[in-house]
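# Model the following, please.
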Amino acid sequence: MTGVIRLEPAHARVAGALHRLSFDAPWSDEEFAKLLEQPGVAGLMWHAAEPKGFILIRAVADEAEILTLAVAPAHRRQGIAADLLNEACRMLRAGGTHRLFLEVAADNGAARALYISYGFAMTGRRARYYDRGTAPKVDAIIMSLDLVATHGLTTPHH
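Residues are numbered from 1 along each chain as shown. Here you go, the predicted model:
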């Protein structure tokens, strides 16, 4: 199987493993299982010979939030995050979502560049939001995307 598939509660261990490879303060497998069972929460996983990345979103009314997006380090810069983001936006539009929000670490230049290439705009900042262990905490940049205005959006070239 190759491509984007739905992330189900049975994939919680896979999501947890990918999250541990990607973040300083990863979520547990149990947290993923609980999230994936909640109403309004959906996930997509990029899967070829092995799971390579996933996106987890929560939708309420006509708004949604990207809860997390992770791609295994060995598979970054191959368009996987862009494919996941594109499919999530398509799914959200089909469900009637008008606006998509996210928070991204101020020091995560690659992720910020991806979101900006999709038309996300900075709408706020949370000071010292991300814990970096013994390093200083990092601000979160709050970004949003108008899914109605960007209906024709396609995956950036990679």
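# Any regions of the chain where pLDDT drops low?
Low-confidence segments of the chain (pLDDT under 70): 1-2, 151-158.
# Please, where are all the strands along the chain?
Applying DSSP state E to the chain gives strands spanning 3-7, 41-47, 51-60, 63-71, 99-105, 121-132, 135-146.
# Check the offset of the last one from the chain's centre.
Yep, that's strand 135-146 we're talking about. Centroid separation for strand 135-146 versus its chain: 13 Å, with C-alpha atoms, centre = their mean, to the nearest Å.
# Could I get the CA-only coordinates of it as CSV?
Extracted C-alpha coordinates of strand 135-146, given in CSV (Å, rounded to 0.1, in the frame of the first residue of the first chain):
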residue,chain,number,x,y,z
ALA,A,135,17.2,24.6,26.7
PRO,A,136,15.1,27.8,26.8
LYS,A,137,11.5,27.4,25.9
VAL,A,138,10.5,28.4,22.4
ASP,A,139,7.6,30.6,21.2
ALA,A,140,4.8,29.1,19.2
ILE,A,141,3.7,30.9,16.1
ILE,A,142,-0.1,30.7,15.6
MET,A,143,-1.0,30.5,11.9
SER,A,144,-4.3,30.2,10.0
LEU,A,145,-5.5,29.4,6.6
ASP,A,146,-8.8,30.4,5.0
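# just checking, what packs against that strand?
Using 3 or more C-beta pairs under 8 Å, 6 or more residues apart in numbering; DSSP states H and E as the contact test, the elements touching strand 135-146 are strand 99-105, helix 109-117, strand 121-132. For every residue, glycine as well, the C-beta is placed using N, CA and C.
# Out of the ones you listed, the one nearest residue 71 is which?
Among those, helix 109-117 comes nearest to residue 71, with 9.8 Å by C-beta to C-beta.
# any idea of the angle the closest one forms with strand 121-132?
Interaxial angle, helix 109-117 versus strand 121-132 (axes from the mean of the first three to the mean of the last three C-alpha atoms, to 10 degrees): 160 degrees.
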